[in-house]
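A.B. asks: this one's structure only:
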């Protein structure tokens, strides 16, 4: 079995969060970046934020559509990525997402994520993401 770092699903998780960084920071072209994000968030996707709010893939894309470049210093980083299960068409991953520089949420927050990723139409896509708040660097739970 591939290690977490070498599996295509791990590459997908990192690449998606790099796209989020580009989106919120405005460092790349709007239409191409939004299209890249939307291609990985199908309508069947479900995302449960630490607050408990649940969004479909379409609702997630709609929620960020007006935020291109609104947080010039934004950065999303992934650490502690674990590949819990990997197959040719599905993967289950766990990772920690850190965000800094956000204007629309806490300036710095961390969340633990558990996700099911599936391969469809020749590309990896999110199926389900469950996020749980984690203590920030200062010891408070993030939202």
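C.D. replies: All right, it came through fine. Just so you know, these numbers come straight off a predicted model, no measurement behind them. Numbering: from 1, shown residues only.

A.B. asks: which residue is nearest the middle of the protein?
C.D. replies: residue 17 (5.1 Å; Cα atoms, centre = their mean).

A.B. asks: So that one is in contact with residue 97, correct?
C.D. replies: Yes - when contacts are counted by Cβ atoms under 8 Å, residue 17 is listed as touching residue 97 (6.7 Å). C-beta: built from backbone N, CA, C; applies to glycine.

A.B. asks: between these two, what contacts are shared?
C.D. replies: 76, 77, 78 (Cβ atoms under 8 Å, 6 or more residues apart in numbering).

A.B. asks: Name the helix or strand for the second one, please.
C.D. replies: In other words, residue 77. strand 75-86 (DSSP states H and E).

A.B. asks: Just the element for the residue nearest to the centre of the chain, please.
C.D. replies: Going by DSSP H and E, residue 17 is in helix 8-25.

A.B. asks: could you show me where the helices are in the protein, in order?
C.D. replies: 8-25, 30-39, 57-64 (DSSP state H).

A.B. asks: List the contacts of the helix holding residue 17.
C.D. replies: 4, 27-28, 33-34, 36-37, 40, 64, 67-78, 81, 83, 86, 91, 93, 95, 97, 101-102, 115, 117, 124, 126.
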